[in-house]
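Engineer: Quick one, what's the 3D model for this:
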Amino acid sequence: MLILSDLHFGKTGHFRKEGIAVPAEVFQEDMMRLWHQIQFFGPKKVVFVGDLFHSRMNLEVDWFRKWRNDLPMVEMHLVAGNHDVLGAQVYEELGLIWHRNDWSVEDIRFVHDTPGHMDGSQYVISGHVHPGVRLAGMGRQSLRFPCFYFNTQFAILPAFSRFTGLALIEPKKQEDVFAIVNDQVIPVS
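Structural biologist: All right, here's what the predicted structure looks like:
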């Protein structure tokens with residue numbers, strides 16, 4: 001199972017439609033990275049924990065449809081996020097199994113936004129936040145990187161798309177953070 005969050009397909013098209021010059025290559029790069037992940041890991045299922053799409057229908061949704069048709073053997077699930085506004089029927093037509101709020105597999109619960117209260121009966125995997133961490137160097141230099149954020153009750157995945165912002169997190173002692181730096185995952189805490 002490959003689990004991803006916050007791909008925001010269609011965001012670059014949405015910006016271009018509003019007159020903001022964002023190159024189409026941003027979307028194409030994200031699609032190619034997704035294709036490579038599926039080819040490398042060979043999952044039977046892909047789970048998108050929200051914000052697979054950014055907004056309304058546009059050309060990028062049609063490109064996704066064509067791409068999806070090339071992978072009929074991979075079961076794909078979408079747990080709807082706040083930007084997934086196309087509707088259940090559209091997602092089903094795109095070859096996705098759509099889940100309105102959450103989806104559970106044994107003791108793991110997939111949601112878009114980590115709930116404020118968790119009873120500990122299931123481990124929660126989410127996205128939404130676009131977690132990031134600041135790594136400081138010498139002389140007040142620092143860089144920000146997307147990261148995976150884990151604790152004993154939940155995991156928050158980084159935004160898959162590179163065309164998103166970051167929300168800097170402050171992990172506690174028993175929490176684990178892994179930054180994505182130059183296409184490598186490195187432990188931070």
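Engineer: number of nearby residues for Arg109?
Structural biologist: As a burial measure, Arg109 scores 19 neighbours (other C-beta atoms under 10 Å). All C-beta atoms are positioned from the backbone trio N, CA, C, and that covers glycine.
Engineer: Setting aside sequence neighbours, what's the nearest residue to it?
Structural biologist: In this structure, Arg109 finds its nearest non-sequential neighbour in Gln122, 4.1 Å apart by C-beta to C-beta, 6 or more residues apart in numbering.
Engineer: For the lengthiest helix in the chain, give me every contacting residue.
Structural biologist: Ordering each helix of the chain by length in residues (DSSP state H) puts helix 25-41 first. Under the contact criterion C-beta atoms under 8 Å, 6 or more residues apart in numbering, helix 25-41 has outside partners 2, 4, 7, 9-13, 46, 60, 63-64, 67, 71, 74, 160-163.
Engineer: Derive a ChimeraX selection command for the buried subset of the residues you listed.
Structural biologist: Entered in ChimeraX, the line below selects the buried ones among the contacts of helix 25-41, by 16 or more other C-beta atoms under 10 Å:
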select :2,4,7,9,10,11,12,13,46,60,63,64,160,161,163
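Engineer: Could I get the CA-only coordinates of the longest strand seen in the chain as CSV?
Structural biologist: Across the chain, the strand with the greatest residue count (assigned by DSSP state E) is strand 142-150. Output in CSV follows, covering the C-alpha atoms of strand 142-150 (Å, rounded to 0.1, in the frame of the first residue of the first chain):
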residue,chain,number,x,y,z
SER,A,142,18.3,27.8,8.2
LEU,A,143,16.3,26.0,5.6
ARG,A,144,12.8,24.6,5.6
PHE,A,145,11.9,21.1,4.4
PRO,A,146,8.8,19.1,4.2
CYS,A,147,8.6,16.2,6.7
PHE,A,148,6.9,13.2,7.9
TYR,A,149,5.6,13.7,11.5
PHE,A,150,4.9,10.6,13.8
